[in-house]
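Enquirer: sequence? don't have it. structure:
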């Protein structure tokens, strides 16, 4: 696990951009993408660059259940606004939040991932150590699944909605096994409210209580954190 500590999220975005640039230069064709506030500075750096993804495929980590793609709170809308409108991919996949048969949608998405092995997967980190929407207690061998969101995750995402009551209670998410198939993982975390999760991920035991701790078992992980998120680490990086 390569750990890069930066001053702040803006600096983290510059480092994240370098990882994407290097991946493209080394022949990466499939990129696993994440939403939320964490990767925004990385996406901004990419948008303002000359990187070209027109021959690449993207596969998103997750999507809310029950939200249409054109809803401003959907992850499809987020990706269009923050990346795809400026940097289109040849093909972009996201779970269908309106799928009438969730079980069939899960199987469809697993096949997409199997047919398009991910070269680089970007991840954020939840305050409780979740990656994607894989909450504490999630089995390590699970692939794409429907997740019941925990109260802490709903609370954390409420800032994007008119009220906490408007936050969906379920989401489709790549599972931990899906994520671990990716050849290179890039995890970003910023802010002191992520410090406990960062410590658990890097220095804590490998446990289902901190889903991100599974990354200790992956052969190629880059972690970009700011000084605040790194504040509880016992080792200096």
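Expert: Perfect, I can see it now. This structure is a prediction, so every number in the text was calculated from the model and none was measured. Numbers count the residues shown, from 1 in each chain.
Enquirer: contacts and neighbour counts: CA atoms only from here.
Expert: Will do.
Enquirer: report the distance from the top helix by length along the chain to the chain centre.
Expert: Counting residues, the longest helix in the chain under DSSP state H turns out to be helix 9-25. Centre-to-centre, helix 9-25 and its host chain are 15 Å apart (Cα atoms, centre = their mean, to the nearest Å).
Enquirer: remind me what that helix packs against, helices and strands.
Expert: On a contact count with 3 or more Cα pairs under 8 Å, 6 or more residues apart in numbering; DSSP states H and E, helix 9-25 meets helix 40-47, strand 184-189, strand 221-226.
Enquirer: now do it: everything it contacts.
Expert: With contact meaning Cα atoms under 8 Å, 6 or more residues apart in numbering, helix 9-25 is reached by 6, 39-46, 51, 119-120, 186, 188, 190, 224-226.
Enquirer: show the buried residues in these.
Expert: 6, 39-46, 119-120, 186, 188, 190, 224-226 (16 or more other Cα atoms under 10 Å).
Enquirer: helices along this protein, start to end?
Expert: Counting by DSSP H, one finds helices in the chain at the ranges 9-25, 40-47, 75-79, 102-115, 151-157, 176-180, 195-202.
Enquirer: weakest of those by average pLDDT?
Expert: Here these differ in mean pLDDT, and the lowest is helix 151-157 at a mean of 81.
Enquirer: how about the spatially most central residue of the chain: what's its closest non-neighbour residue?
Expert: Nearest to the geometric centre of the chain sits residue 123, at 3.0 Å (Cα atoms, centre = their mean). Leaving aside its chain neighbours, residue 123 sits nearest to residue 187 (4.5 Å; criterion: Cα to Cα, 6 or more residues apart in numbering).
Enquirer: the one you found pairs with what?
Expert: For residue 187, the beta-bridge partners under DSSP bridges are residue 123, residue 223.
Enquirer: pull the number of nearby residues for it.
Expert: Neighbour count of residue 187, defined by other Cα atoms under 10 Å: 23.
Enquirer: still on that earlier bit, wait, which of the helices of the chain is closest to residue 169?
Expert: Residue 169 lies closest, by Cα to Cα, to one member of those: helix 151-157, at 7.2 Å.
Enquirer: got the end-to-end distance for stretch 48-62?
Expert: End-to-end span of stretch 48-62 (Cα to Cα, to the nearest Å): 25 Å.
Enquirer: now swap in stretch 93-109 and tell me
Expert: End-to-end distance of stretch 93-109 (Cα to Cα): 8 Å.
Enquirer: that stretch: which residues count as buried?
Expert: By 16+ other Cα under 10 Å, the buried positions in stretch 93-109 come out as 93, 94, 95, 96, 97, 102, 105, 106, 109.
Enquirer: likewise for stretch 146-164?
Expert: Counting neighbours by 16+ other Cα under 10 Å, one finds that the buried residues in stretch 146-164 are 146, 147, 148, 149, 150, 153, 154, 157, 158.
Enquirer: what's the closest non-adjacent residue to the first one?
Expert: Nearest-residue entry for residue 146: residue 172, 4.6 Å, with adjacent residues in sequence omitted and distances by Cα to Cα, 6+ apart.
Enquirer: what sits against the one you found?
Expert: Neighbour list for residue 172: 62, 63, 64, 65, 95, 97, 106, 133, 144, 145, 146, 147 [criterion: Cα under 8 Å, 6+ apart].
Enquirer: rerun that using 10 Å as the cut-off
Expert: Going by Cα atoms under 10 Å, 6 or more residues apart in numbering, residue 172 touches 61-65, 94-97, 102, 105-106, 109, 132-134, 144-148.
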